[in-house]
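> Give me coordinates for this.
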Amino acid sequence: MSSNPTRVFVARLLGLDVFDPLGDRLGRLRDAVVLDRGPAVVPQVVGLVVEVPGKKRVFVPMTRVTSIDAGQIICTGLVNLRRFDQRGAERLVVAEVFDRRITLRDGSGEATIEDVAMEKDRSGDWHVSQIFVRRGGPQSRLRGLRRGERLIIDWLDAYHGAADEPQAATTFLAQHDDLKAADFADALHEMSDKRRIEVAGELQDQRLADILQELPDDDQVQILSSLDRERAADVLGEMDPDDAADLLNELPEDQKEELLQLMEPDDAKDVRRLLQYEEDTAGSLMTPVPVILPPEATVAEALAHVRREELTPALASSIFVCRPPLETPTGRYLGVVHIQQLLRYPPPEPLGNIVDTDLEPVSDQANISEVSRILATYNLNSLPIVNGDGRLVGAVTVDDVLDHLLPEDWRAQDVTPDLTRGGTNG
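Just a heads-up that it's a prediction; the model follows:
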């Protein structure tokens with residue numbers, strides 16, 4: 001370790017690859033874990049949170065970290081592949097320490113933590129030594145200090161306040177802006193209830209909607225219930241209608257109806273239609289807004305529609321051809337055009353000339369087991385769902401079926417065997 005720095009700032013390490021001594025990549029650094037030892041003692045750095053393949057976050061003790069530099073982190077020995085579980089006085093640096101308000105002991109006012117330096121002492125232990133802060137607060141202005149000024153101070157040169165004090169999430173969101181919704185949801189799920197609500201509260205509506213869809217039911221309900229009613233309705237409106245309906249079904253009836261009343265009428269209409277179906281039917285599982293075009297539409301138009309960024313790969317794989325009206329419930333359902341067919345025909349070709357009429361639509365009252373069997377039998381990504389009048393009312397995708405078939409708490413489950421035990425978090 002003599003050639004490695006003994007003091008490093010956590011923000012500069014985020015996203016670095018973590019390797020074993022043989023050079024095999026274990027994953028990517030996402031956070032550091034410190035042990036809060038009271039106001040008069042600097043926190044001890046006990047380990048790192050590493051995102052391993054499979055997008056799971058695991059704990060790597062600092063005793064197994066042999067090298068840290070600007071390009072990589074190297075550790076030794078077996079790594080416990082259990083999902084990281086925060087314990088006791090442990091604090092996540094990025095999730096819980098960044099953005100925390102402090103009061104400077106020299107009387108110059110308040111500041112916000114933007115980065116944390118961890119330092120290795122002669123005994124080989126790591127601890128928090130310094131913090132990078134941005135000044136702010138009324139006392140700073142009164143003393144003529146520049147608001148927004150940044151400086152590095154020792155950890156013990158500030159009063160850090162209680163863990164239950166309100167905390168912003170600006171730095172955390174900036175550090176995680178590039179994460180996919182499912183990965184951000186994993187990070188959110190690991191947080192304390194207080195911190196989860198604070199971070200969710202600062203997300204944009206569309207981003208929060210995407211992340212909510214990836215969280216376990218309990219987390220979804222907790223976050224939605226923490227929002228004021230108008231914003232909760234706006235977020236529900238940004239969600240896929242089937243996911244919004246599932247979430248509303250977890251709420252008390254009076255709260256569900258209140259939110260539906262506050263939603264935009266068109267959004268609420270789609271969700272109300274889904275809520276009318278019995279559980280375990282195709283109608284309860286479908287999305288009412290698949291890609292629908294008339295038979296006169298061309299291959300070029302269809303390709304333009306499936307390029308839309310908001311479509312999931314499963315929904316983008318099929319274009320359902322119907323007579324007007326094209327909003328569900330549509331006019332008469334004619335058939336489906338798969339995306340591979342679009343790639344085999346010239347752009348001016350009308351969809352009516354290449355439509356597949358062999359794939360029979362499924363009734364909205366069909367049991368989900370029948371839908372699963374058809375998807376598996378014909379290796380499909382989605383199925384058309386029709387009502388008793390033969391009008392398309394939606395589509396069930398393979399990811400909808402997987403969500404239904406997996407245990408309700410599958411997002412929070414850890415199925416990886418425990419390879420090691422001992423020490424903090426194993």
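
> so where is the protein shaky, pLDDT-wise?
1-5, 137-147, 407-426 (pLDDT under 70).

> run the last query once more with 50
Low-confidence regions of the chain, defined here as pLDDT under 50, cover residues 1-2, 138-145, 415-424.

> Identify the residue nearest the residue nearest the centre of it in space, chain neighbours excluded?
In the chain, the residue lying closest to the centroid (C-alpha atoms, centre = their mean) is residue 185, at 2.7 Å. Nearest residue to residue 185, sequence neighbours excluded (C-beta to C-beta, 6 or more residues apart in numbering): residue 214, at 3.7 Å. C-beta coordinates here come from the backbone N, C-alpha and C atoms, glycine included.

> again with residue 357
Per C-beta to C-beta, 6+ apart, closest to residue 357 is residue 335, 4.2 Å.

> Quick one: end-to-end distance for stretch 182-200.
End-to-end distance of stretch 182-200 (C-alpha to C-alpha, to the nearest Å): 14 Å.

> buried ones in that stretch?
For stretch 182-200, a neighbour-count test (16 or more other C-beta atoms under 10 Å) marks 183-191, 195-200 as buried.

> Out of these, which sit inside helices?
Using DSSP state H, the members of the buried residues of stretch 182-200 that fall in helices are 183-190, 195-200.

> related to what we said a few turns ago, name the nearest of the buried residues of stretch 182-200 relative to residue 28.
residue 183 (10.3 Å; C-beta to C-beta).

> and that closest one, how far is that from residue 36?
Note on residue 183: its distance to residue 36, by C-beta to C-beta, to the nearest Å, is 27 Å.

> same check, this time on residue 322
Residue 322 sits 60 Å away from residue 36, going by C-beta to C-beta.

> of these two, who's got more company?
More crowded of residue 322 and residue 36, by other C-beta atoms under 10 Å: residue 322, with 24 against 17.

> give the contact list for the more buried one.
Contacts here follow C-beta atoms under 8 Å, 6 or more residues apart in numbering; on that basis residue 322 touches 292, 293, 294, 330, 331, 332, 333, 334, 391, 392.

> And the strands in the stretch 251-400 of the chain, which stretches?
Under the criterion DSSP state E, counting those that start in this stretch, the stretch 251-400 of the chain contains strands at 292-293, 318-322, 333-338, 362-363, 382-386, 392-397.

> how about these in JSON lines, adding distance to residue 177?
Formatted as JSON lines, those follow (distance: least, C-beta to C-beta, whole Å):
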{"stretch": "strand 292-293", "distance to residue 177": "34"}
{"stretch": "strand 318-322", "distance to residue 177": "32"}
{"stretch": "strand 333-338", "distance to residue 177": "35"}
{"stretch": "strand 362-363", "distance to residue 177": "40"}
{"stretch": "strand 382-386", "distance to residue 177": "31"}
{"stretch": "strand 392-397", "distance to residue 177": "28"}
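
> count of neighbours near residue 21?
With other C-beta under 10 Å as criterion, residue 21 counts 11.

> just checking, residue 47 touches residue 58?
No: checked against C-beta atoms under 8 Å, the pair residue 47 and residue 58 is beyond contact range at 9.7 Å.

> Can you tell me the element residue 113 falls in?
Using DSSP states H and E, residue 113 maps to strand 110-120.

> Okay, now the sheet partners of that strand, with direction.
Note on strand 110-120: by DSSP bridges, its sheet partners are strand 7-9 (antiparallel), strand 101-104 (antiparallel), strand 126-135 (antiparallel).

> Deepest in the core, which of the ones you listed is it.
The highest average neighbour count among the strands paired with strand 110-120, using mean count of other C-beta atoms under 10 Å, belongs to strand 126-135 at a mean of 21.

> hmm, who's touching it?
7, 9, 11, 34, 42-45, 62, 102, 108-121, 145-155, 158.

> Try it again at 7 Å.
The contact list for strand 126-135, computed with C-beta atoms under 7 Å, 6 or more residues apart in numbering, reads 7, 9, 34, 42-45, 62, 102, 109, 111-121, 145-155.

> For PyMOL, what selects the buried ones among those residues?
Selecting only the buried entries of the contacts of strand 126-135 in PyMOL, with 16+ other C-beta under 10 Å as the criterion:
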select buried, resi 9+34+42+43+44+45+62+102+109+111+112+113+114+115+116+117+118+119+120+145+153+155
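
> Which residue comes closest to residue 64 once chain neighbours are left out?
That would be residue 75: by C-beta to C-beta, 6+ apart, it lies 4.5 Å from residue 64.

> you'd agree the one you found is up against residue 16?
No: counting by C-beta atoms under 7 Å, residue 75 does not reach residue 16; the two are 11.9 Å apart.

> which one of those two has more residues nearby?
Remark: of residue 75 and residue 16, residue 75 carries more neighbours, 22 against 18, as counted by other C-beta under 10 Å.

> for the more buried one, what are its contacts?
Counting by C-beta under 7 Å, 6+ apart, residue 75 touches 18, 20, 60, 64, 65, 66.

> Quick check: bridge partners of the fifth one?
Going back to what we said before, that points to residue 65. Applying DSSP bridges, one finds that residue 65 bridges with residue 75.

> Look up how far residue 13 lies from it.
11 Å.

> Can you tell me what sits against stretch 261-270?
Under the contact criterion C-beta under 7 Å, 6+ apart, stretch 261-270 has outside partners 229, 230, 233, 236, 237, 241, 260, 288, 289.

> so how far is stretch 272-287 off the chain centroid?
25 Å (C-alpha atoms, centre = their mean, to the nearest Å).

> now do stretch 264-272
The chain centre lies 24 Å from the centre of stretch 264-272; the measure is C-alpha atoms, centre = their mean.

> Mind listing what's buried along that stretch?
Neighbour-count burial for stretch 264-272 flags 267, 268, 270, 271 (criterion: 16+ other C-beta under 10 Å).

> again, but for stretch 87-101
Going by neighbour count (16+ other C-beta under 10 Å), the buried part of stretch 87-101 is 90, 91, 92, 93, 94, 95, 96, 97, 98, 99, 100, 101.

> Also stretch 358-367?
Applying 16+ other C-beta under 10 Å to stretch 358-367 flags 359, 361, 362, 363, 364, 366 as buried.
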